[in-house]
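1. what's the 3D shape of this:
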Amino acid sequence: MGSMIAPVKGTRDFYPEDMFVRSWLYQKIREVSQLFGYLEFDAPFLERIDLYAAKSGEELVREQAFVFQDRGGDAITLRPELTPSLARMIAQRQKQLVFPQRWWSFGPFWRYERPQKGRTREFFQWNVDLLGADSPASDAELLAICASFFKLVGLQADQVQVRVNSRHLMDRVIAEIGIDSQKKQSVFQLIDKRDKLSMDSWHSLAIENDINETQFDLLVKALADKNLWKKSDELVSVFDMLSQMDLAEYVSFDPQVIRGLDYYTGIVFEARDISKDGRAILGGGHYGNLVSDVGGDPLPGVGFAMGDVMMRLVLEKYGCLPEFQNTTASVLVTVFDQELLPKSLQLAGQIRAGGIKCVCMTEVSKLVKQFKYADRIGVPLVIVMGPEEVAKDEVTVKDLVTRSQENVTRENLIDYLAIKLAQSSA
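-> Down below sits the predicted model:
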């Protein structure tokens, strides 16, 4: 026997129990997205690397993209994120579309990163964007979608929080401290690293970035100010609107939230486990200009992306994952003997035609073994059709939950099963 070939590093095998969670997550994402009136879309999994050079920042293109040459010599990449593809799609139809547009998507992405807890090289991501909107109400809507999703999957506000900041506010803070606007990007990176470093290391990094002691002290003071957000009209408006929607408990101000991507211009936010355990669950923000880099007219908007890896870890931690069902069927049809196998297959067909999910045994074995199998996969109802039942044109339905059984005519079987299953799910 040859050696087993391992999966590609940073990818995951989705066994049925994992696929069950992935499908459940997709269903909840779909439910919340549609609740707010968003339309589902998708973009190609392969894109030209040039698309990202314009929008996503150097690190993403140079270090994180899976890039290869196609046979024509073009540099192609597996998509590392969705926003540039979205920008291209919007630019192509900008003249026909009625704005604002509300779009969402859930699909696979690839980043050549070091796999660790909460981070894989292949992952699924929920993307939500409100395009052509430039108001605090549009920012509040995206935050409301995040909060509504957490609520729907059973996460509490004392377990996860969406932390919000404003780049406009931080620009003003940097200017008031007296730091040159040309150093803005390096100061943003410095603020972003605050939680990852000790105060001494962070102080050293600030000095390396030409921030003097006075400026450093003022920066530390500003970041510790719990009421700093009140100096931002947009943040005051956003928090007020979230209160009106009864979702404010899930959202809080955090001056350390900066977000790495270059295209954010206004509100920025990310959600985390309240204990700051692990990476961000989702992140997003307001962009002032989505499409001009890919040939369209300037277009504002707000959006976020949520990866499935970190989300699953958080759902697992707080006991919010659904219980795995070992089958999708509600009924199992046994096979009495080889001679009656065609009758069992016909009966299973009749049940499925009635809209009831059904497994039919295809191997002939002792009935007791078939019952044991039904028990193990969790099917509640088992049907036996032996020679006696065939003669009377009826079947025996055994309820494995209540351990009772009844004889039912073939004619009444679908109605009987539908009532029985409705009672058990009630």
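
2. residue ranges of the strands in the stretch 201-350 of the chain, please?
-> Applying DSSP state E, counting those that start in this stretch to the stretch 201-350 of the chain gives strands spanning 251-253, 264-273, 282-287, 301-307, 331-333.

3. residue 315: which of these is closest?
-> strand 264-273 (10.6 Å; CB to CB). Where you see a C-beta, it was placed from the backbone N, CA and C, and this is true even at glycine.

4. ok, residues contacting that closest one?
-> 136, 139, 143, 146, 150, 159-168, 234-235, 238, 251, 257-259, 278, 280-289, 302, 304, 306, 314, 317 (CB atoms under 8 Å, 6 or more residues apart in numbering).

5. could you export the strands of the stretch 201-350 of the chain as CSV, including mean pLDDT, mean neighbour count and distance to residue 66?
-> Compiled in CSV, the strands of the stretch 201-350 of the chain are given as follows (pLDDT from 0 to 100; neighbours: other CB atoms under 10 Å; distance: least, CB to CB, whole Å):
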stretch, mean pLDDT, mean neighbour count, distance to residue 66
strand 251-253, 97, 20, 35
strand 264-273, 94, 23, 24
strand 282-287, 94, 25, 21
strand 301-307, 96, 23, 16
strand 331-333, 98, 25, 44
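
6. mind checking those strands for the one nearest to residue 41?
-> strand 301-307 (12.5 Å).

7. for the closest one, which strands pair with it and how are they oriented?
-> If you go by DSSP bridges, strand 301-307 pairs up with strand 122-131 (antiparallel), strand 282-287 (antiparallel).

8. got the angle for the last one vs strand 264-273?
-> Computed by axes from the mean of the first three to the mean of the last three CA atoms, to 10 degrees, the angle separating strand 282-287 from strand 264-273 equals 160 degrees.

9. tell me which strands and helices the helix ranked longest in the chain is in contact with?
-> Looking across the chain with DSSP state H, the single longest helix is helix 16-35. In terms of contacts (3 or more CB pairs under 8 Å, 6 or more residues apart in numbering; DSSP states H and E), helix 16-35 is packed against strand 101-110, strand 122-131, helix 136-152, helix 308-317.

10. any chance of those in TSV, plus mean neighbour count and distance to residue 4?
-> Listed next are these as TSV, based on neighbours: other CB atoms under 10 Å; distance: least, CB to CB, whole Å:
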stretch	mean neighbour count	distance to residue 4
strand 101-110	19	24
strand 122-131	23	20
helix 136-152	22	38
helix 308-317	20	24
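
11. ok, now which ones touch the nearest residue to residue 11 once chain neighbours are set aside?
-> Nearest non-adjacent residue to residue 11, counting by CB to CB, 6 or more residues apart in numbering: residue 122, 4.5 Å away. Residue 122 sits next to 8, 10-12, 108-110 when contact means CB under 8 Å, 6+ apart.

12. closest to residue 48 among the residues you listed?
-> Using CB to CB, those come closest to residue 48 at residue 110, 15.1 Å.

13. contact partners for the closest one?
-> So, once contact is read as CB under 8 Å, 6+ apart, residue 110 ends up touching 66, 78-80, 121-123.

14. and with 7 Å instead?
-> 66, 78-80, 121-122 (CB atoms under 7 Å, 6 or more residues apart in numbering).

15. could these go into CSV alongside pLDDT and distance to residue 370?
-> Shown next, in CSV, are the contacts of residue 110 (pLDDT from 0 to 100; distance: CB to CB, whole Å):
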residue, pLDDT, distance to residue 370
66, 87, 48
78, 94, 46
79, 94, 47
80, 92, 49
121, 93, 43
122, 95, 39
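
16. make a ChimeraX selection of whichever of those turn out to be buried.
-> Command for ChimeraX that selects the buried part of the contacts of residue 110, burial taken from 16 or more other CB atoms under 10 Å:
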select :78,79,80,121,122
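
17. out of the strands of the stretch 201-350 of the chain, which comes closest to residue 40?
-> Of all the strands of the stretch 201-350 of the chain, strand 301-307 comes closest under CB to CB, at 14.5 Å.

18. using CSV, write out the CA atom coordinates for the closest one.
-> Output of strand 301-307 as CSV, limited to C-alpha atoms (Å, rounded to 0.1, in the frame of the first residue of the first chain):
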residue,chain,number,x,y,z
GLY,A,301,-19.5,52.9,0.3
VAL,A,302,-19.1,50.8,3.4
GLY,A,303,-18.5,47.1,3.8
PHE,A,304,-17.1,44.3,5.9
ALA,A,305,-15.7,40.8,5.5
MET,A,306,-16.0,37.9,8.0
GLY,A,307,-13.9,34.7,7.8
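
19. can you list contacts of that strand?
-> Residues from elsewhere that reach strand 301-307, judged by CB under 7 Å, 6+ apart: 81-83, 123, 125-133, 138-139, 142, 146, 267, 281-287, 290.

20. what separation do you get for residue 146 and residue 285?
-> 12 Å (CB to CB, to the nearest Å).

21. for those two, list the residues in contact with both.
-> Shared contacts of residue 146 and residue 285 (CB under 7 Å, 6+ apart): none.
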